[in-house]
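**Student:** Sequence first, predicted coordinates after that:
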Amino acid sequence: MLRCPNCDAEVSIEERYCPQCGVHLGMAAAMAERKLRVPEQSPAPEEAPFALEALVPRLGERLVQEGLITPAQLEQALAHQRELAEKQGTPKRLGQVLVELGFISREDLDRVVAEQIAQLHEALYQANAKLEQKVQERTRQLQDALERLSELQRLKANFIANISHELRTPLTHLIGYLDLLGDGFLGDLNPDQAKAIEVMQRSADRLYRLIEDLISFSLLSRGELVIRMAPTLVDSVVERAVEVIKPRAHAKSVTFSTDVQQGLWVFADGEKIGWVLQHLLDNAVKFTPAGGQVWLRVWSDDGRVYFSVEDTGIGISQEDIDKIFEPFFQLEDSGSRRYGGTGLGLALVKQILDAHKVDLEVWSEVGKGSRFSFSLPETWPQEDPAP
Ligand code: ADP
């Protein structure tokens, strides 16, 4: 059960509006997430910087306070102490000087020092206890904020999933009829009409991919995207991705080359890895200007199968490399708005590879290009069980 960010009523994961206050749950979650801030820790006036010295005055002052020496004797002893230090180079302790000058007895001095040590010990103990209490309080605050945040994120993911599903259904009909029109099943088209249908098909296709990204992202955020690991033939996974990318590269005048070792098997979710390759290749083509190159390489080495997607595109600066995996992140100057996209692709790629316990390595240089690579454990086809 989740709680409504507006009225705190219990709401089910399927709900879009709160049955109690009627608020739109996805929107309310986004608003509440913005407001969610862990209060900054500012010391209350009575808790102002803690100084042990305030609790344990210095020895000379303490002896004066207790009436064991006079302020004049303290002055005299301090002056003598300075004099000795100048002459001998090593300063004597004040207590020793006071005893030597006959201002205080050794017993009184030892008693006051022992009392001071006990006082200091107590002060340290209390400071420690206070600090521990503060750490516990802060940890509790952070845990509460984290729980609230993940709840709000689930509500948001839920909203994205619902809306994407509802967008996909009418779009599927549109694509179906566009295909029928384009293939001439609903009558002949003149060249202008055919061109218009082609543009519509491309746009609908792009929209469909964006919606698919949104659905996969929300499923992953809700932990509902199932990864099915099985021995998978790499050739068929790669072929499907290449088939999709080839025409896109051609349309952009980007040279697309493949160097794929045949007959390799990996232990992975073939469908998801195919999607990862397709997305990396799609980005490579998208961010490579006309006349550039994109390579897909697959090879096996030492029990692993390596995949690498490289381009001669615009590249990514070092400080942005970590950020590109954040959901909805797009580099402002990469012209991604010009090419479209949601900024979700790499976040999904990373989550899928994480689920395979695999790292994605990125090399990139602005103006030179980028390379995204990862590897999967190599396996061999399962023998068919004997009939
Ligand atoms: P999208 O492609 O939908 O914008 P991604 O999550 O796939 O989202 O990528 C996030 C951002 O990372 C892109 O907007 C782009 O700025 C940058 N990026 C990804 N791949 C490349 C690449 N091959 N070359 C240059 N920039 C890239």
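**Tutor:** Noted; the coordinates are in hand. Numbers count the residues shown, from 1 in each chain.
**Student:** Let's verify R297: helix, strand, or coil?
**Tutor:** The local conformation at R297, judged by DSSP: H, G, I helix; E, B strand; the rest coil, is strand.
**Student:** count of neighbours near it?
**Tutor:** For R297, the count of nearby residues is 16 (other C-beta atoms under 10 Å). Yep, even glycine has a C-beta here, placed from its N, CA and C like the rest.
**Student:** per-residue confidence at it?
**Tutor:** For R297, the pLDDT comes out at 98.
**Student:** how far away is it from S375?
**Tutor:** 12 Å (C-beta to C-beta, to the nearest Å).
**Student:** what about the helices in the stretch 51-200 of the chain?
**Tutor:** For the stretch 51-200 of the chain, the helices defined by DSSP state H, counting those that start in this stretch cover 52-55, 59-65, 71-88, 94-100, 106-182, 191-221.
**Student:** The ligand: which of those helices is closest?
**Tutor:** helix 191-221 (7.1 Å; C-beta to the nearest ligand atom).
**Student:** residues in contact with the helix or strand following the closest one?
**Tutor:** Using DSSP states H and E, the helix or strand that follows helix 191-221 towards the C-terminus is strand 230-233. The contact list for strand 230-233 (C-beta atoms under 8 Å, 6 or more residues apart in numbering) reads 263-270, 273, 379-382.
**Student:** Now for those residues: which two are most distant?
**Tutor:** Greatest spacing in these, by C-beta to C-beta: G263 and D269 (19.8 Å).
**Student:** With neighbour numbers in mind, choose between those two.
**Tutor:** Higher neighbour count among G263 and D269: D269, with 21 against 9, using other C-beta under 10 Å.
**Student:** The more buried one and L376 touch, don't they?
**Tutor:** No. Using C-beta atoms under 8 Å, D269 is not in contact with L376; the gap is 10.0 Å.
**Student:** Deepest-packed of the helices of the stretch 51-200 of the chain, please.
**Tutor:** The highest mean neighbour count among the helices of the stretch 51-200 of the chain, using mean count of other C-beta atoms under 10 Å, belongs to helix 94-100: a mean of 18.
**Student:** Pull the distance from it to the chain's centre.
**Tutor:** Chain-centre distance of helix 94-100: 62 Å, with C-alpha atoms, centre = their mean, to the nearest Å.
**Student:** How is V266 assigned, secondary-structure-wise?
**Tutor:** Criterion first, three-state DSSP; result for V266: strand.
**Student:** Name all residues that make contact with G367.
**Tutor:** I314, G315.
**Student:** helix/strand/coil for it?
**Tutor:** Going by three-state DSSP: G367 is coil.
**Student:** D108 touches L68, doesn't it?
**Tutor:** Yes. Assessed by C-beta under 8 Å, D108 is found in contact with L68 at 5.5 Å.
**Student:** show me where pLDDT drops low in this structure?
**Tutor:** Low-confidence segments of the chain (pLDDT under 70): 1, 34, 36-57, 329-342, 382-387.
**Student:** center of it - which residue?
**Tutor:** By C-alpha atoms, centre = their mean, the chain has its centre lying nearest to E326, at 6.2 Å.
**Student:** Now it: closest residue in space that isn't a chain neighbour?
**Tutor:** Distance criterion C-beta to C-beta, 6 or more residues apart in numbering; nearest residue to E326, sequence neighbours excluded, is A347 at 6.5 Å.
**Student:** That neighbour contacts S216, correct?
**Tutor:** No. A347 lies out of contact with S216 (C-beta under 8 Å); the separation is 10.0 Å.
**Student:** Need the phi and psi values for K252.
**Tutor:** Reported as degrees, to the nearest 10, the phi and psi values for K252 are phi -100, psi 0.
**Student:** how near is it to the ligand?
**Tutor:** K252 sits 13 Å away from the ligand, going by C-beta to the nearest ligand atom, to the nearest Å.
**Student:** still on that earlier bit, need the helices of the stretch 51-200 of the chain in CSV with distance to Q278, can you?
**Tutor:** Formatted as CSV, the helices of the stretch 51-200 of the chain follow (distance: least, C-beta to C-beta, whole Å):
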stretch, distance to Q278
helix 52-55, 64
helix 59-65, 77
helix 71-88, 79
helix 94-100, 79
helix 106-182, 18
helix 191-221, 9
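**Student:** any chance of the ones you listed in CSV, with distance to the ligand too?
**Tutor:** Supplementary listing: the helices of the stretch 51-200 of the chain in CSV, determined by distance: least, C-beta to the nearest ligand atom, whole Å:
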stretch, distance to the ligand
helix 52-55, 52
helix 59-65, 65
helix 71-88, 66
helix 94-100, 67
helix 106-182, 15
helix 191-221, 7
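**Student:** To A28, which of those helices lies closest?
**Tutor:** Closest among those, once you apply C-beta to C-beta, is helix 106-182, at 7.6 Å.
**Student:** Check which helices and strands that closest one sits against.
**Tutor:** Packing partners of helix 106-182 (3 or more C-beta pairs under 8 Å, 6 or more residues apart in numbering; DSSP states H and E): strand 2-3, helix 25-35, helix 52-55, helix 59-65, helix 94-100, helix 191-221.
**Student:** Quick one: closest of these to R140.
**Tutor:** Using C-beta to C-beta, the helices and strands packed on helix 106-182 put strand 2-3 closest to R140, at 18.5 Å.
**Student:** Partner strands of that closest one, with direction?
**Tutor:** Sheet pairing of strand 2-3 (DSSP bridges) gives strand 10-11 (antiparallel).
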